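Novice: kindly generate the corresponding structure for this input.
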Amino acid sequence: MMKKVSIIVPLYNTGKYVSKCIDSILNQDYPNIEVIIIEDYSLDDSREVIKRYNNNPQVKIILQPINKGVGVARNIGLDNASGDYIAFIDSDDIIEPSMISHLVLALEHYNVSIAMCNHRSFIKEPKLLYPSTSHPKLINLDHNIPFLIGMRGYCWDKLYRRELFNKLRFPEGIKFEDLSFTYPALISSRQIAYVDEELYNYRRNLNGITMLNKRIPNRGIIDLYYASEKLKDNYQLIRQDNTFDQAVMYLAHAAIYIAALDSLCWLSMSYLDHQKMSNYITYLANRKYGITHLENPVILNNMKRLSYVTRIKLLETLIDPNYHTSASDDKILKKITKIVDNYDEKGCKVKKK
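Specialist: Sure thing, here's the model as predicted:
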């Protein structure tokens, strides 16, 4: 009997793109799917746009009375899912017609808990994909930690068995919530099926979460810290052995460093505030995990990208190697918050009264 796949789509302010997303799901060559759209109280016309799917028996629409964030939306989707397998699709992205069938085939062929495909980025429209004849591979994470630490923490290019969610849920109230979900899910699986085809099209939406407020200081830096903490909590929840302790440490350390690198994109911030921010964040990460960025293979792996290397080199010019503080983690986070709060939503420094 063909297994049912529940595809969860959190929706917030993507009315311009959501129809193409949902249509790409409904046009899958795998017939036994349900689509669960969680409309998270958008401020644009998203709620109006999705009315066209009200009478489609494959689509369930859940309207949120207030905006609660993507972590809550995904968890609501999980609570309402009836499928044997689960997938997450962002509402401004597009999937290839064979994505679900390829991932189901890979999942069942190797009898694993997660199947994963490759993805590609686009801005306007994805290029035509020429079908590949590649076959799924079985990747053993117990003997392939470099693969684990070289991955990015996206939840949306994968298919999961429902049983994974008996314990795991997305953290709520923070951005970057999939970071603390995806890695523990992979770790708990030990083995995954990998389809080396670009079946997921990721829209580089200049108004999306990961691109938002790059010129303006925001609280995403604090969220990355808490996401790294939740990553460790979820790992401890689902695994009792120490197989991946080192890999989890590298991933959590890198998550905090990413906050420092992202802060360099806040072009409105003064040099002095950049310097303080860089020292606070890197000191917090290094003290917490006992390593520096040059000892972390996750960061070194990402340094293959030019933009990453440029920011690392800039960060190194701001870090004082002799900086030291006995302040607790919470006090350091408060210092970071104080710097962020010195700037308004336009990136202008707030005048003290």
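Novice: check which helix or strand covers the closest residue to Ile174 other than its chain neighbours.
Specialist: The shortest distance from Ile174 to any non-neighbouring residue, by CB to CB, 6 or more residues apart in numbering, is to Asp223 (4.1 Å). Any C-beta I mention is one placed from the backbone N, CA and C, and that applies to glycine too. Per DSSP states H and E, Asp223 falls inside helix 220-238.
Novice: tell me the mean pLDDT over that helix?
Specialist: Averaging pLDDT along helix 220-238 gives 81.
Novice: break this structure into its domains for me.
Specialist: 5-203, 220-340 (automatic domain parsing).
Novice: how far does the longest one sit from the chain's center?
Specialist: Yep, that's domain 5-203 we're talking about. 11 Å (CA atoms, centre = their mean, to the nearest Å).
Novice: the last one too?
Specialist: Between the mean C-alpha point of domain 220-340 and the mean C-alpha point of its chain there is a distance of 17 Å (CA atoms, centre = their mean).
Novice: gap between the two ends of it?
Specialist: 10 Å (CA to CA, to the nearest Å).
Novice: re the thing from before, which stretch in the domains of the chain has the least confidence?
Specialist: domain 220-340 (a mean of 86).
Novice: give me the number of neighbouring residues for Cys265.
Specialist: 14 (other CB atoms under 10 Å).
Novice: can you classify it by secondary structure?
Specialist: Secondary structure state of Cys265, per DSSP: H, G, I helix; E, B strand; the rest coil, is coil.
Novice: cool, Val248 as well?
Specialist: helix.
Novice: what's the nearest residue to it if we skip its chain neighbours?
Specialist: Tyr235 (5.1 Å).
Novice: count the residues that sit near the one you found.
Specialist: So Tyr235, with other CB under 10 Å, has 21 neighbours.
Novice: for the helix holding Asp223, packing partners?
Specialist: Judged by 3 or more CB pairs under 8 Å, 6 or more residues apart in numbering; DSSP states H and E, helix 220-238 is in contact with helix 179-189, helix 245-263, helix 271-289, helix 329-340.
Novice: one more time with 7 Å, if that's ok
Specialist: Helix 220-238 sits against helix 179-189, helix 245-263, helix 329-340, with contacts defined as 3 or more CB pairs under 7 Å, 6 or more residues apart in numbering; DSSP states H and E.
Novice: contacts for the second one next, please.
Specialist: Think helix 245-263. Contacts to helix 245-263, defined as CB atoms under 7 Å, 6 or more residues apart in numbering, come from residues 145, 148-149, 179, 183, 220-221, 224-225, 227-228, 231-232, 235, 277-278, 281-282, 284-285, 289, 291, 293, 296-299, 311, 315.
Novice: can you get me a residue count around Asp142?
Specialist: Neighbour tally, Asp142, other CB under 10 Å: 11.
Novice: surely it meets Ser189?
Specialist: No - the pair Asp142 / Ser189 is not scored as a contact, 10.4 Å apart, by CB atoms under 7 Å.
Novice: how big is the angle separating the biggest strand by length in the chain from helix 179-189?
Specialist: Using DSSP state E to define each element, the chain has its longest strand at strand 191-203. Orientation note: strand 191-203 sits at an angle of 150 degrees relative to helix 179-189 (axes from the mean of the first three to the mean of the last three CA atoms, to 10 degrees).
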